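Trainee: Okay, sequence plus prediction incoming.
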Amino acid sequence: MRRWIVLIVLWIVLGVPVALLLDFLGVPLPFGIAWILVFAAALLIAQQSFLDESGLWPPPAPEQFARGSDVSRLAWAIDARTGAVGMPLRRRVSALADRRLREHGLSLEQADAAAVDAILGPGVHAALIVTQMRSPDLERVLRALESPPVPSTPERA
């Protein structure tokens, strides 16, 4: 705002003597004032930035999407020949089981086998802690996670 006031005062201070000089030289006063205003407008337009200077240059690189989906990557985490389950799939299944247990106030690391089996179903704790998870263990855990919790489980606050 202050810049605009300074520019207006500067144009008045410079424009009045120029208009009077042009009047002295025989140019009609309204014509001289009009040309001074046109010149001032041209200078103001020249100072205006018409480009977007928001600091987004260079533009961000386009986002690269991974080919395939999480489902296909997790499916490849099971060895078809041996039935061994890879670590990415095992971590995700354990995280899902831990989330289900946390709904009941337990944690997979801290709960005993009886408490886990009471909530998720029989044999699920053994399938989750086995050193090398195989396809049958994975199926047992997934079946337990797909089904609702065992109804006889006392809810913890």
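Mentor: Structure's in. What do you need?
Trainee: got a pLDDT number for Val38?
Mentor: With respect to pLDDT, Val38 has a value of 89.
Trainee: How much space separates it from Gln48?
Mentor: 16 Å (C-beta to C-beta, to the nearest Å). The C-beta positions use only the backbone N, C-alpha and C, and glycine is treated the same way.
Trainee: of these two, who's got more company?
Mentor: Neighbours of Val38 and Gln48, each counted by other C-beta atoms under 10 Å, are more numerous for Val38; the result is 10 against 6.
Trainee: and that one, what element?
Mentor: In this structure, Val38 sits in helix 29-47 according to DSSP states H and E.
Trainee: That helix: which residues count as buried?
Mentor: Within helix 29-47, the residues scored as buried using 16 or more other C-beta atoms under 10 Å are 32-33, 36, 40.
Trainee: and if you look at stretch 118-138?
Mentor: Neighbour-count burial for stretch 118-138 [16+ other C-beta under 10 Å]: 118-121, 123-125, 127-128, 133, 137-138.
Trainee: and the residue nearest to Gly121 when sequence neighbours are not counted, which of the three is it?
Mentor: Spatial nearest neighbour of Gly121, chain neighbours left out: Ala144 (4.2 Å); criterion: C-beta to C-beta, 6 or more residues apart in numbering. Three-state assignment for Ala144 (DSSP: H, G, I helix; E, B strand; the rest coil): helix.
Trainee: pLDDT wise, what is the spatially most central residue of the chain at?
Mentor: The centre of the chain sits closest to Glu63, judged by C-alpha atoms, centre = their mean, with a distance of 11.8 Å. With respect to pLDDT, Glu63 scores 82.
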